[in-house]
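Q: Quick one: sequence and predicted model below, then my questions.
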Amino acid sequence: MAWLRLLTMIVISCLSKAHPQLQSGLDLGSLTRELLHSAKEPAFFDWLKRVRRRIHEYPELAFQEHETGRLIMSELESLGIDYSWPVAKTGIVASVGSGLEPYFGLRADIDALPIQELVEWEHKSKKQGKMHACGHDAHVTMLLGAAKLLERKRDELKGTVKLVFQPGEESYAGAYHMIKEGAVDNVHAIFGLHVTPELPTGTVASRPGPMLAGSARFQVIIQGKAGHAAQPHTTRDPVLAASLAILALQHLVSRETDPLEPRVVSIGFIQAGQAANVIPETVSFGGTFRSMSNEGLSYLQQRIKKVIETQAMVHRCTATIDFFEETMRPYPATVNDESMYEHAKKVGEYVVGKSNVLMMPMTMGAEDFSFYSNKMAAAFFVIGTRNETQKPNYGLHSPYLIIDEDVLPIGAAFHAAVAISYLDNHGR
């Protein structure tokens with residue numbers, strides 16, 4: 001009968017790998033129902049809405065999130081949760097659990113955008129020219145909600161949850177700076193959520209593997225020799241050099257890239273002289289380039305530099321190219337770890353229902369959560385905020401963006417359930 005015992009052990013092992021909750025003994029259905037019920041209780045939900053509205057009223061740009069930070073720290077203190085501050089200037093990292101390994105991360109970005117809010121409502125932004133137009137106010141609120149749910153289960157956690165409140169996501173690579181300052185040292189895996197008005201409230205979406213593009217920006221100055229437009233032979237025309245350089249850049253995708261590999265090179269602006277009868281001294285232009293792989297992004301950067309410098313030289317001009325590698329650090333591609341994706345997907349199916357966990361197509365948008373996904377096992381999901389009764393619906397980065405606050409308890413419960421079940425599977 002030894003063979004039967006061995007066969008039984010093999011079957012149990014296979015089932016455990018396929019169904020993590022069998023391995024841990026955790027009843028994921030009961031856990032998610034409990035968390036969601038708690039987060040939807042009137043007092044809890046009212047607190048979530050108050051927090052989100054306070055953050056929304058006082059939006060702050062990258063690495064200027066001082067009032068936002070004070071609010072987060074105040075709420076953490078009221079919950080009895082320890083935290084470290086400042087991290088990467090205005091970031092906060094809190095800890096809930098045993099204080100021992102394994103460490104699991106939950107991340108929310110906290111910065112706003114330089115956009116004037118045009119939604120007329122009681123909690124409209126009180127800061128001129130600034131708005132939470134990308135939903136980061138909801139992200140912070142959902143993570144604080146998760147903190148509250150996790151604190152209630154502190155003694156049951158088989159490890160430690162790191163709550164990462166990250167500044168500077170919008171163009172300034174806050175995640176990179178958080179990593180650089182040790183915010184996620186020894187963290188085994190991390191999970192993040194981003195709201196989307198493209199999906200209805202009560203749905204979530206993601207995909208295994210590559211999800212969002214790597215992205216970088218560049219700015220170019222073509223230096224020529226100015227002169228009268230009636231005597232172009234006495235000049236070195238930077239307008240001509242810039243025009244042909246821009247055209248040549250389009251060949252990097254159409255003639256140097258496998259048609260089945262997503263890449264983008266787009267020019268967003270060009271500035272030359274002011275007079276119609278004067279060839280200017282300089283022309284500046286700039287744009288973005290993107291790829292679904294870090295190797296593709298690196299290749300595009302090398303070729304952009306080579307093409308522009310060569311086109312400038314052909315027209316007797318010089319070119320200076322700035323890739324903003326320090327001030328606006330390029331974002332790598334966001335790639336979901338397949339096992340982490342499957343874990344979060346399974347949890348999501350319990351939180352919102354199997355039919356409401358959707359497969360997200362790859363997109364050339366970018367997110368600095370990618371820095372975490374390049375360092376550790378990571379899963380990034382989007383969570384729907386579209387309410388069909390609130391029409392019209394506007395997209396992210398719109399001054400008319402409206403967030404359906406019914407998403408807040410769902411996101412809080414999703415965060416907490418992913419963390420608790422991960423620790424239960426991997427804890428000692």
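A: Yes, it's here. Numbers count the residues shown, from 1 in each chain.
Q: from memory residue 177 sits against residue 88, does it?
A: Yes. With contact defined as Cβ atoms under 8 Å, residue 177 and residue 88 form a contacting pair (3.9 Å). (Each C-beta comes from the backbone N, C-alpha and C, glycine too.)
Q: what touches both of the two?
A: Common contacts of residue 177 and residue 88, defined by Cβ atoms under 8 Å, 6 or more residues apart in numbering, comprise 167, 168.
Q: On the three-state scheme, residue 311 is what?
A: Under DSSP: H, G, I helix; E, B strand; the rest coil, the three-state class of residue 311 is helix.
Q: tell me which strands and helices the lengthiest strand in the chain is in contact with?
A: If you go by DSSP state E, the chain has its longest strand at strand 187-200. Helices and strands touching strand 187-200, as assessed by 3 or more Cβ pairs under 8 Å, 6 or more residues apart in numbering; DSSP states H and E, comprise strand 103-109, helix 136-152, strand 204-206, helix 338-352, helix 370-373, strand 377-386, helix 407-426.
Q: Report the inter-axis angle for that strand versus strand 377-386.
A: 20 degrees (axes from the mean of the first three to the mean of the last three Cα atoms, to 10 degrees).
Q: what's the offset of strand 187-200 from the middle of its chain?
A: Taking Cα atoms, centre = their mean, to the nearest Å, one finds the center of strand 187-200 at 8 Å from the center of the full chain.
Q: And stretch 65-72, by the same measure?
A: The mean C-alpha position of stretch 65-72 is separated from the chain mean by 20 Å, Cα atoms, centre = their mean.
Q: what residue ranges in the stretch 1-150 of the chain score low on pLDDT?
A: The stretch 1-150 of the chain contains residues with pLDDT under 70 at 1-24.
Q: Extract the C-alpha trace of the longest strand of the chain and format it as CSV.
A: Once side chains and other backbone atoms are set aside, the C-alpha atoms of strand 187-200 remain, and they are given as CSV (Å, rounded to 0.1, in the frame of the first residue of the first chain):
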residue,chain,number,x,y,z
VAL,A,187,9.1,42.3,0.1
HIS,A,188,8.4,39.0,-1.7
ALA,A,189,5.5,40.1,-3.8
ILE,A,190,3.3,43.2,-4.4
PHE,A,191,-0.2,44.0,-5.6
GLY,A,192,-1.6,47.2,-7.0
LEU,A,193,-5.0,48.6,-8.2
HIS,A,194,-5.8,51.4,-10.6
VAL,A,195,-9.3,52.7,-11.2
THR,A,196,-10.7,52.9,-14.7
PRO,A,197,-13.9,54.5,-15.9
GLU,A,198,-13.8,52.3,-18.9
LEU,A,199,-15.2,49.4,-16.9
PRO,A,200,-18.4,49.3,-14.8
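Q: Could you tell me which strands sit next to that strand in the sheet, and their orientation?
A: Strand pairing for strand 187-200, using DSSP bridges, gives strand 103-109 (parallel), strand 377-386 (parallel).
Q: Out of those strands, which is closest to residue 139?
A: Minimum separation from residue 139 across the strands paired with strand 187-200 (Cβ to Cβ) falls at strand 103-109, 4.0 Å.
Q: Return the set of buried residues in stretch 401-417.
A: For stretch 401-417, burial by neighbour count (16 or more other Cβ atoms under 10 Å) applies to 401-405, 407-417.
Q: which residues sit in contact with residue 109?
A: Neighbouring residues of residue 109 by Cβ under 8 Å, 6+ apart: 136, 139, 166, 167, 168, 169, 170, 174, 368.
Q: Quick check, pLDDT for the fourth one.
A: The confidence metric pLDDT takes the value 98 at residue 167.
Q: Might you report the residue contacts of it?
A: Residue 167 sits in contact with 62, 63, 65, 88, 89, 90, 91, 109, 110, 111, 174, 177, where contact means Cβ under 8 Å, 6+ apart.
Q: so how far is residue 375 from it?
A: 18 Å (Cβ to Cβ, to the nearest Å).
Q: Next: the last one.
A: As defined by Cβ to Cβ, residue 368 lies at a distance of 12 Å from residue 375.
Q: repeat for the third one
A: Counting by Cβ to Cβ, the separation of residue 166 from residue 375 is 13 Å.
Q: what about the two, which has more around it?
A: Neighbours per residue, other Cβ atoms under 10 Å: of residue 166 and residue 375, the larger number sits with residue 166, 33 against 16.
Q: residues contacting the more buried one?
A: Applying Cβ under 8 Å, 6+ apart to residue 166 gives the contacts 88, 91, 107, 108, 109, 110, 174, 175, 178, 183.
Q: What residues does the spatially most central residue of the chain make contact with?
A: Closest to where the C-alpha atoms of the chain average out (Cα atoms, centre = their mean) is residue 367, at 3.5 Å. Residues touching residue 367, when contacts are defined by Cβ under 8 Å, 6+ apart, comprise 169, 194, 212, 331, 334, 380.
Q: Ok, residue 114 next?
A: 61, 129, 130.
Q: how about a cut-off of 6 Å?
A: residue 129 (Cβ atoms under 6 Å, 6 or more residues apart in numbering).
Q: From residue 168, how far out is it?
A: Relative to residue 168, residue 114 is positioned 13 Å away (Cβ to Cβ).
Q: what's the answer for residue 386, then?
A: For residue 386, the distance to residue 168 under the criterion Cβ to Cβ works out to 27 Å.
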